[in-house]
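**Q** When you get a sec, could you give me coordinates for this:
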Amino acid sequence: MEAEIVISKVVTKLTHICKCDDTHPSFEGEIDGNNVHWPLCGRFRMSYCPWCGKHLPHNWPLKEEKKR
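**A** From the prediction side, this is the model:
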């Protein structure tokens, strides 16, 4: 049986921590309503990490969080 979880603070930022190499910096995405805005890469919004290639979420709450 899982414990009930309550969010006690408003989440305003998400941080992608790239684990593929310690030399690459982590970066933050801003939460605006139900959307996550990642930094721009040139004139395009990032959809994937440029170092590890993993998809960055664009909706909040995350699908994993909704299941709890």
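
**Q** what about the residue positioned nearest the centre of the chain, which helix or strand?
**A** Note on the chain: the residue nearest the mean C-alpha position is residue 14, at 4.4 Å, using Cα atoms, centre = their mean. Under DSSP states H and E, the secondary-structure element containing residue 14 is strand 13-16.

**Q** And for residue 24?
**A** Assigned by DSSP H and E, residue 24 belongs to neither a helix nor a strand.

**Q** In contact with it, which residues are there?
**A** Each residue near residue 24 by Cβ atoms under 8 Å, 6 or more residues apart in numbering is listed here: 18, 51, 52. Backbone N, C-alpha and C define where each C-beta goes, glycine included.

**Q** In the strand holding residue 14, which of the residues would be classed as buried?
**A** For strand 13-16, a neighbour-count test (16 or more other Cβ atoms under 10 Å) marks 14, 16 as buried.

**Q** Helix or strand next in line after it, which one?
**A** The helix or strand immediately downstream of strand 13-16 is strand 27-32, counting by DSSP H and E.

**Q** How far away from the center of its chain is that next one?
**A** Relative to its chain's centre, strand 27-32 lies at 7 Å (Cα atoms, centre = their mean, to the nearest Å).

**Q** Run through who's touching the helix or strand that comes right after it.
**A** Sequence order places strand 35-37 as the next helix or strand after strand 27-32, per DSSP H and E. For strand 35-37, contacts defined as Cβ under 8 Å, 6+ apart pick out 14, 29, 30, 31, 45, 56, 57, 58, 59, 60.

**Q** Might one say that the last one is in contact with residue 11?
**A** Yes: the pair formed by residue 60 and residue 11 meets the contact definition of Cβ atoms under 8 Å, at 7.4 Å.

**Q** Common neighbours of those two, please.
**A** Between them, residue 60 and residue 11 share these contacting residues under Cβ under 8 Å, 6+ apart: residue 31.

**Q** which of those two has more neighbours?
**A** residue 60 (15 against 10; other Cβ atoms under 10 Å).
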